[in-house]
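Trainee: With the sequence up front, the predicted model follows.
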Amino acid sequence: MYSITNIKNTDIDEVLSLDKECFLDNWSRKELEGIVSRENKTDIVLIYRSDKLSTEYNLPSSLIGYGIVRILSKEGINEITEDKKDPNSEAEILRIQIRKELRNKGLGKKLFSEMMNICNRRFIPKIYLEVRTSNAPAIKIYEQNGFVKTGTRKNYYQNPQEDATLMTKTNL
């Protein structure tokens, strides 16, 4: 069994810890606390948990991954929901992370699918993301979900330095 839910205050330390394990450009406590307190109503952080996998792989917690989506309104709506829509809104996938021990098991696909479901329920017509050019498994998942390559950002990532592939999905 697993669950994918919105972040709560009690999840912040675990997310920050996993973020530090996986990325060099980390989210700050203040940023995550702002999201949890609903200060920034356009960001959504999903927490992916599995007690079974955490026990099976002897993980430090049941947190196996997380994802962050930022929804941007061109109409100035400060919160886009299933009831409040902006036909010109856009979303950007800012993070999607699964613990290293659990990669290549289809877990990232499940988390990504839930992130896309949120965007679809809110009728977001355009979704963007950046991915390391060498991350072929992620690019494949994105392409299977309707994303197309739209550009490159030279030397976007650091440690190691690498280009970012820009991808976009249009829901018309």
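Mentor: Perfect, I can see it now.
Trainee: Return the distance of the closest residue to Ile44 other than its chain neighbours relative to Ile93.
Mentor: Once flanking residues are discounted, Ile44 sits nearest to Val69: 4.7 Å by C-beta to C-beta, 6 or more residues apart in numbering. Heads up, the C-betas are built off the backbone N, CA and C, glycines and all. Computed as C-beta to C-beta, to the nearest Å, the Val69 to Ile93 distance reads 6 Å.
Trainee: which residues do those two both contact?
Mentor: Met115 (C-beta atoms under 8 Å, 6 or more residues apart in numbering).
Trainee: show me where this protein has helices.
Mentor: 12-22, 29-36, 51-56, 107-121, 136-144 (DSSP state H).
Trainee: Centre of the chain to the first one, how far?
Mentor: Read it as helix 12-22. 14 Å (C-alpha atoms, centre = their mean, to the nearest Å).
Trainee: can you state the direction angle for that helix and helix 29-36?
Mentor: 130 degrees (axes from the mean of the first three to the mean of the last three C-alpha atoms, to 10 degrees).
Trainee: so who does the nearest residue to Asp51 once chain neighbours are set aside touch?
Mentor: Take Asp51 and drop its neighbours on the chain: the residue closest to it by C-beta to C-beta, 6+ apart is Ser62, 4.9 Å away. Shown in contact with Ser62 (C-beta under 8 Å, 6+ apart): 49-51, 53-54.
Trainee: closest to Leu16 among those?
Mentor: Nearest to Leu16 among the contacts of Ser62, counting by C-beta to C-beta, is Arg49 at 15.8 Å.
Trainee: Make sure the closest one is actually in contact with Ile64.
Mentor: Yes. Look at Arg49 against Ile64 with C-beta atoms under 8 Å: they come within range, at 6.4 Å.
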